[in-house]
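Undergrad: Dropping the sequence and predicted coords here.
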Amino acid sequence: DALPISWASKNTVKFVAEQVSHHPPISAFYAECYNKKIQFNAHIWTKSKFLGMSIGVHNIGQGCVTCLDYDEHYIVNFPNGYGRSILTVPWVELGGECNINCSKTGYSASIIFHTKPFYGGKKHRITAEIFSPNDRKAFCTIEGEWNGVMDIKYATGESDVFIDTKKMPMVKKKVRKLEDRKST
């Protein structure tokens, strides 16, 4: 019944990360919330490219979200990252397609992080489609800004606010003091 990070409160999210390879540089990480019975583990490495006034980072790897109460495992890949306007006022954006799949339930999602066009357009746009098992038509779509408000629209025509990240409480990160950490 115990989850791997025993020294933290059962009602908080715990996170551990480590670089597991140097050539190529690969990182692995694990997060859990004991009370919610949810875990996430992943590995990732990057390919970087200079794009003139930007830097692009192609994220390679995948993660697995595990809902322990249901024995469901959702496999997810990661969006790419971009550092834009690096010689003026820099800003960061996500871009590319992510997919989430659960082999047990058959549910899946396709998420697109839209990069801002050179002229006009908005930053941080996201669209997503969520599919029932064996369906080719999404039963709902989500759109908005990944760091702002996202709206959900169901195939029935009903719609609502999916999430407003600006209204979510900020939770300060807690890190154990260096002297309190065990060396391995």
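TA: Cool, the structure landed. Numbers count the residues shown, from 1 in each chain.
Undergrad: residues contacting the residue nearest the centre of the chain?
TA: Closest to where the C-alpha atoms of the chain average out (Cα atoms, centre = their mean) is residue 78, at 6.6 Å. With contact taken as Cβ atoms under 8 Å, 6 or more residues apart in numbering, residue 78 is in contact with 42, 44, 59, 61-63, 98. Every residue, glycine included, has its C-beta placed from N, CA and C.
Undergrad: again, but for residue 41
TA: Shown in contact with residue 41 (Cβ under 8 Å, 6+ apart): 28-31, 63-64, 66.
Undergrad: What of residue 146?
TA: Residue 146 is in contact with 94, 113, 124-126, 165, counting by Cβ under 8 Å, 6+ apart.
Undergrad: ok, so of these, who is nearest residue 14?
TA: Of all those, residue 165 has the smallest distance to residue 14: 21.7 Å, by Cβ to Cβ.
Undergrad: any idea how far that closest one is from residue 32?
TA: According to Cβ to Cβ, to the nearest Å, residue 165 and residue 32 sit 22 Å apart.
Undergrad: Tell me if I'm right that residue 45 and residue 22 touch.
TA: No. Assessed by Cβ atoms under 8 Å, residue 45 is found out of contact with residue 22, at 10.7 Å.
Undergrad: Show me what counts as buried in stretch 102-112.
TA: 102, 107-109, 111-112 (16 or more other Cβ atoms under 10 Å).
Undergrad: oh, I was asking about stretch 50-65
TA: Buried, per 16+ other Cβ under 10 Å, within stretch 50-65: 54-57, 59, 63, 65.
Undergrad: Same check on stretch 149-164?
TA: Within stretch 149-164, the residues that count as buried by 16+ other Cβ under 10 Å are 150, 152, 162.
Undergrad: With stretch 29-45 instead?
TA: So stretch 29-45, judged by 16+ other Cβ under 10 Å, has buried residues 30-34, 38-42, 44-45.
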